[in-house]
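J.: Build me a model:
(chains A and B)
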Amino acid sequence: MKTAITPTRAENFSEWYQNLIVAADLAESAPVRGCMTIKPYGWAIWELMRDEMDRRIKAHGVQNANFPLLIPIDFFNKEAEHVAGFAKECAVVTHHRLKMIDGSLQPDPDSKLTEPYIIRPTSETIIGEAMSRWVQSYRDLPLKLNQWVNVMRWEMRPRMFLRTSEFNWQEGHNVFATHEEANADARKMHKMYGDYMREILAIPSIMGEKTPEERFAGADHTYTLEHIMQDGKALQAGTSHDLGQHFSKSFGIQFLGNDGKLQHGWTTSWGTTTRMMGSMFMIHSDDDGLVLPPFVAPYQVVIIPITREDTAEKLNAYATELGEKLRATGVRVLVDTSDMRAPDKMWKWIKRGIPLRVEIGAREMESGDVTITRRDIGRESKRTIQATDLIASVNNIMTDIHNDMVARVEKRNAEMIHDVADLDALDAALANGEIGFFRIKYEMTTNEQFEGLMEKYKITRRCLDDRDPTYVFVAKSY
RNA sequence: CGGGGUGUAGCUCAGUCUGGUAGAGUGCUUGGUUUGGGACCAAGAUGUCGAAGGUUCGAAUCCUUUCGCCCCGACCA
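T.: Residues are numbered from 1 along each chain as shown, chains lettered A, B, ... in the order given. The predicted model follows:
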């Protein structure tokens, strides 16, 4: 059977992924090293994801703000671990003017900045500086801030959506009076992300704490959401950090308690990025292209009139009218009356992952029927129902699709997680070509033998198992 | 930054070794026949051959310089 995407997932997974992005018209690589242009269809998905995430963030009492893109270099210098973590991937702004020199436009040597700026790779430092002024009294706490911005990390190995030099994200930064509150907050945001990914993106996450080796630069605790791709590799899709007092001490975030004593605050930071989109595309899609979870699909339903020359006008009008009735139930509908052949339209929207396709031919227009096909299941789900029944049930169909998608990923995740008794068993499984996550006692991974396996198989510790933190998941990752 | 590739039509690439004035597939436009899971026929448009310099009667092709990108390593939301 011919597939819309070649090669297929089984033939070459990473090439399939690249072609998927292009075929679904989501993004293309930009004329800037490591960067991508997110195209309108891809951005529409991000806007839906962002809007829902933003609602949930605000429901936690967080306020949005916007901090500068450029960060003075000495801000970065204030937290030692943090510098070490990001120094190797920073873009630096050194000049403020261009000049024509020997016929080519170059930074004007006379415009060199006395102190360079770095383009933010993350904003703990510049937000920390602001917080040190904004937090004076215990009455100012908790202070909860978030921003939706782009950041830049000069990554060595870019991949569309998964790792680009520039990416968009939300970064939340909170301050509390006590460590208990801060840690509870980091966990709360972690859980919020997990719920969001399941309820909106139809992705059940592997959730847990990062081991000390894998922690964020400058954090006491890092809570992560790991996703399992169809090829068994891991992808970190979101994190929440308990930063302890590292940043409050580096930046002087201090307040007077109601006991009259001056003390340092306790901060958290938490973020999700456009990488979530990559995860969602990789997890749900198939050899015919994108499969979108209904709640973030820019169009949830596409109506395709199967026209002939003599019926086109009436059928297009009828389809448009049906589209209006469906829209009135709250679903996002596209009526494709464009000047293309019907089969071409079908493939176009299959590749773009629209959850439900509705086809209407001339006879159906007379009988009041429509033919519907679910994208997540494919042609086996094709059936003919009354248009009035579709209108009555379309929202339930969306929920069904979403729930089925969650269940499918949940089943696959379960199959992809393997318990291993010791390092020899892990070695044997990997040598045998087994893919997925391997669950092993954490204490078994803190030795040279494990270092050797990490090297040999390119595996890393993903996170501790929330259900029993003496166990750790290890896997290959993106 | 080390090792290996590559740059030619919107896209994917052939042509370079052996110099002779620009090609294929796909996409695009038009016309006709088609139309419920990727149609067919015909006609047509599209190029500073990454850039600069050199050799030559003549350069995509040979030489020199230079720039970009891709893959493998270190890094990572």
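
J.: how many other residues sit next to the residue in the stretch 251-400 of chain A positioned nearest to RNA strand B?
T.: Taking CB to the nearest atom of the strand, RNA strand B has its nearest neighbour within the stretch 251-400 of chain A at A:Gly361, 1.4 Å off. (Each C-beta comes from the backbone N, C-alpha and C, glycine too.) Neighbour count for A:Gly361, taken as other CB atoms under 10 Å: 19.

J.: Likewise for A:Ala319?
T.: Neighbours of A:Ala319 (other CB under 10 Å): 23.

J.: A:Pro305 is in contact with that one, correct?
T.: Yes - counting by CB atoms under 8 Å, A:Pro305 is a contact partner of A:Ala319 at 4.3 Å.

J.: anything in contact with each of these two?
T.: By CB atoms under 8 Å, 6 or more residues apart in numbering, A:Ala319 and A:Pro305 have these common neighbours: A:Val335, A:Thr337, A:Ile360.

J.: nearest to A:Gly85, of those?
T.: Closest approach between the shared contacts of A:Ala319 and A:Pro305 and A:Gly85, by CB to CB: A:Val335, at 49.9 Å.

J.: Tell me what the closest one is bridged to.
T.: Here A:Val335 shows beta-bridge partners A:Ile303, assigned using DSSP bridges.

J.: Any part of the longest helix anywhere in chain A near RNA strand B?
T.: Counting by DSSP state H, the longest helix found in chain A is helix A:387-416. No - using CB under 7 Å from any atom of the strand, helix A:387-416 stays clear of RNA strand B, with a minimum separation of 11.5 Å.

J.: so how far is that helix from its chain's centroid?
T.: On the basis of CA atoms, centre = their mean, to the nearest Å, helix A:387-416 sits 21 Å off its chain's mean C-alpha point.

J.: go on, stretch A:25-33?
T.: Relative to its chain's centre, stretch A:25-33 lies at 17 Å (CA atoms, centre = their mean).

J.: who touches the residue of the stretch 251-400 of chain A closest to RNA strand B in this structure?
T.: Applying CB under 8 Å, 6+ apart, the residues near A:Gly361 are A:Pro305, A:Ile306, A:Leu315, A:Thr371.

J.: re earlier: counting by contacts, list what the longest helix of chain A packs against.
T.: Helices and strands touching helix A:387-416, by 3 or more CB pairs under 8 Å, 6 or more residues apart in numbering; DSSP states H and E, are strand A:221-228, helix A:275-284, helix A:312-327, strand A:356-360, strand A:369-374.

J.: who wins for proximity to A:Met36 among these?
T.: helix A:275-284 (10.4 Å).

J.: For the helices and strands packed on helix A:387-416, give me CSV that also has mean pLDDT.
T.: Below are these laid out as CSV (pLDDT from 0 to 100):
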stretch, mean pLDDT
strand A:221-228, 96
helix A:275-284, 95
helix A:312-327, 95
strand A:356-360, 97
strand A:369-374, 97
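
J.: want to try CSV for those, with distance to A:Arg133 as columns?
T.: Below are those laid out as CSV (distance: least, CB to CB, whole Å):
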stretch, distance to A:Arg133
strand A:221-228, 27
helix A:275-284, 32
helix A:312-327, 49
strand A:356-360, 52
strand A:369-374, 54
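
J.: Now do the SS call for A:Met156.
T.: Three-state assignment for A:Met156 (DSSP: H, G, I helix; E, B strand; the rest coil): coil.

J.: show me what contacts it?
T.: By CB under 8 Å, 6+ apart, the neighbours of A:Met156 are A:Glu89.

J.: What about the closest residue to A:Phe251 other than its chain neighbours, how many residues nearby?
T.: Excluding the flanking residues, the one nearest A:Phe251 by CB to CB, 6 or more residues apart in numbering is A:Gly128, at 3.6 Å. Other residues lying near A:Gly128 total 27 when counted by other CB under 10 Å.

J.: residues in contact with the helix or strand where A:Gly128 lies?
T.: Counting by DSSP states H and E, the element that carries A:Gly128 is helix A:124-134. The contact list for helix A:124-134 (CB under 8 Å, 6+ apart) reads A:67-68, A:71, A:75-76, A:78-79, A:82, A:120, A:140, A:143, A:145, A:173, A:175, A:218, A:243, A:247-248, A:250-254, A:265, A:267, A:269.

J.: repeat for stretch A:456-469
T.: A:206-211, A:213-214, A:224, A:226, A:234, A:236, A:427, A:430, A:437-439, A:442, A:445, A:453-454, A:470-477.

J.: can it be found next to RNA strand B?
T.: Yes - applying CB under 7 Å from any atom of the strand, one finds that stretch A:456-469 is in contact with RNA strand B at A:Lys458.

J.: pLDDT below threshold where in chain A?
T.: A:1, A:102-104 (pLDDT under 70).

J.: What residues of stretch A:190-210 count as buried?
T.: Using 16 or more other CB atoms under 10 Å as the burial criterion, the residues of stretch A:190-210 that qualify are A:190, A:192-194, A:196-198, A:200-210.

J.: same thing with stretch A:239-250?
T.: A:Thr239, A:Ser240, A:His241, A:Asp242, A:Leu243, A:Gly244, A:Gln245, A:His246, A:Phe247, A:Ser248, A:Ser250.

J.: Just the closest of those residues to A:Arg412, please.
T.: A:Thr239 (23.1 Å).

J.: Show me how the record splits chain A into domains.
T.: A:13-69+A:124-284, A:294-413, A:420-476 (automatic domain parsing).

J.: most packed of these?
T.: Greatest average neighbour count among the domains of chain A goes to domain A:13-69+A:124-284 (a mean of 20), per mean count of other CB atoms under 10 Å.

J.: how far away is the closest residue to A:Met276 other than its chain neighbours from A:Ser269?
T.: Nearest residue to A:Met276, sequence neighbours excluded (CB to CB, 6+ apart): A:Ala237, at 5.3 Å. Distance of A:Ala237 to A:Ser269, computed by CB to CB, to the nearest Å: 16 Å.

J.: and if you look at A:Glu52?
T.: A:Glu52 is 21 Å from A:Ser269, by CB to CB.

J.: now the helices: where do they sit in chain A?
T.: Using DSSP H, helices in chain A cover A:13-23, A:40-59, A:73-76, A:80-86, A:124-134, A:179-199, A:246-251, A:275-284, A:312-327, A:342-351, A:362-367, A:387-416, A:423-431, A:448-457.
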